[in-house]
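In: Have a look; sequence and predicted model below, questions after that.
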Amino acid sequence: MNGEQLFFMRVNFMQSTLLHPRMRERFREYESYHLDVINQRLHYLGVPMIMLGIFGLLVLLPIGVKANGALALWFFSSVYYVWTARRLGVLFSALVFLVYLMALRLSLSISILFFLTGWIIQ
């Protein structure tokens, strides 16, 4: 079994067991643009780097006394994904919260570097 077959096997399992029908359709559409194995592997690296860079930048945006833009993004995206894909949404929320915790330690320049490098890679 090659990498492409393994990738699609994982995607099909995820779509059939974890996703709401609306989210399944979105994944099918996204999948149609990413059929190349090299493209898929680069996305595994680039997309998390972009996320970390965005969260690192949004940490610097204060909202009230104890919140920031990254925490707000985590909260609202978690609500959305839990609402549209319950089990996957809970997993997404937990993983993105870890990204948030990592972003708290980043400087402005490192956040920008992650963001730009992630876009170049993916």
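Out: It's in.
In: Which stretches in this protein count as strands?
Out: 62-63, 67-68 (DSSP state E).
In: Tell me which of those sits most buried.
Out: Ranked by average neighbour count under the criterion mean count of other C-beta atoms under 10 Å, the strands of the chain are headed by strand 67-68 at a mean of 16. In short, each C-beta sits where N, CA and C put it, glycine included.
In: What are the contacting residues of that strand?
Out: 58-62 (C-beta atoms under 8 Å, 6 or more residues apart in numbering).
In: circling back: would you format the strands of the chain as TSV with mean pLDDT and distance to L42 included?
Out: Output for the strands of the chain, formatted as TSV (pLDDT from 0 to 100; distance: least, C-beta to C-beta, whole Å):
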stretch	mean pLDDT	distance to L42
strand 62-63	95	33
strand 67-68	96	30
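In: now the ones you listed as CSV including distance to W74?
Out: Rendered in CSV, the data for these read as follows (distance: least, C-beta to C-beta, whole Å):
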stretch, distance to W74
strand 62-63, 12
strand 67-68, 10
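In: Go through the ones you listed and name the closest to S109.
Out: When these are compared by C-beta to C-beta, strand 67-68 sits nearest S109, at 17.9 Å.
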